[in-house]
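Trainee: Sequence below, structure please.
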Amino acid sequence: MLKLFIKLLKFLLLIILTIIISLKYYEIIYFKPYISYINERYTQGKREVYFTEKIRDIVSCLETSELGKDSPYISNAIARHFVYEFIEFDTKIKWHFHNLLWSKLLVYHFDKEQLFILYIYLTPFELVELDFGLENSSQYYFNKKISKLTTKEFFVLLGMTKSPIMHSSSNCFTK
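Mentor: Residues are numbered from 1 along each chain as shown. Prediction:
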């Protein structure tokens, strides 16, 4: 019985070691080459993004919402952006796999402040001339800086990030 337990324990340790090595390999091949690019985007975003504590509080509430702490909203949104930009995938399962790993690696490599700036700066909208970002979209949709938005206006922008094409001026209120 003891020999069987030791064999099982060795097998489990081998599986755990294989998983750890595989994750490190993934990190080195698919994530690390882009860290400097992500840092550049963060630096750009930090220069261009101006926000209030109210907006920071609203976005940080998303982190503790029903999505839970194991699946932070902000890192998932950023991961989605970079997976589409950097990774080639041909099936949904591969996209979900990459998105999950990127989300975890972003949290591991970047602090909450950096992730918050990246989120504000990289949030996608459908208008080509905007490129992306809540700062640009607040100017476009409300003709205000993001720091001047009301709470309701900010939530409208956040809602539009899920499906900006449905809420665009060309599609809004049409039948």
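Trainee: Residue 107: neighbour count?
Mentor: 17 (other CB atoms under 10 Å). C-betas here are computed from N, CA, C, even on glycine.
Trainee: residues near the spatially closest residue to residue 30 that is not a sequence neighbour, how many?
Mentor: Nearest residue to residue 30 in three dimensions, chain neighbours excluded: residue 87, at 6.6 Å (CB to CB, 6 or more residues apart in numbering). When neighbours are counted by other CB under 10 Å, residue 87 registers 17.
Trainee: thinking residue 87 is in contact with residue 97, fair?
Mentor: No. Residue 87 sits out of contact with residue 97 when judged by CB atoms under 8 Å, with a separation of 9.7 Å.
Trainee: rewinding a little: what values do phi and psi take at the residue nearest to residue 30?
Mentor: phi -110, psi 140 (degrees, to the nearest 10).
Trainee: ok, now residue 90?
Mentor: Here residue 90 shows phi and psi, under degrees, to the nearest 10, equal to phi -120, psi 0.
Trainee: Not counting residues beside it along the chain, what's closest to residue 104?
Mentor: Here the residue nearest residue 104, using CB to CB, 6+ apart, is residue 75, at 7.8 Å.
Trainee: Give me the neighbour count for the nearest residue to residue 107 once chain neighbours are set aside.
Mentor: Nearest residue to residue 107, sequence neighbours excluded (CB to CB, 6+ apart): residue 75, at 5.0 Å. Neighbourhood size, residue 75 [other CB under 10 Å]: 22.
Trainee: please begin residue numbering at 492 from this point
Mentor: Renumbered: residue one is now 492, and that last one reads residue 566.
Trainee: so what's residue 566 up against?
Mentor: Contact partners of residue 566, counting by CB atoms under 8 Å, 6 or more residues apart in numbering, are 594-595, 597-598, 606.
Trainee: List the buried residues in the helix or strand where it lies.
Mentor: Of the helices and strands defined by DSSP states H and E, residue 566 is found in helix 564-577. Within helix 564-577, the residues that count as buried by 16 or more other CB atoms under 10 Å are 564-574.
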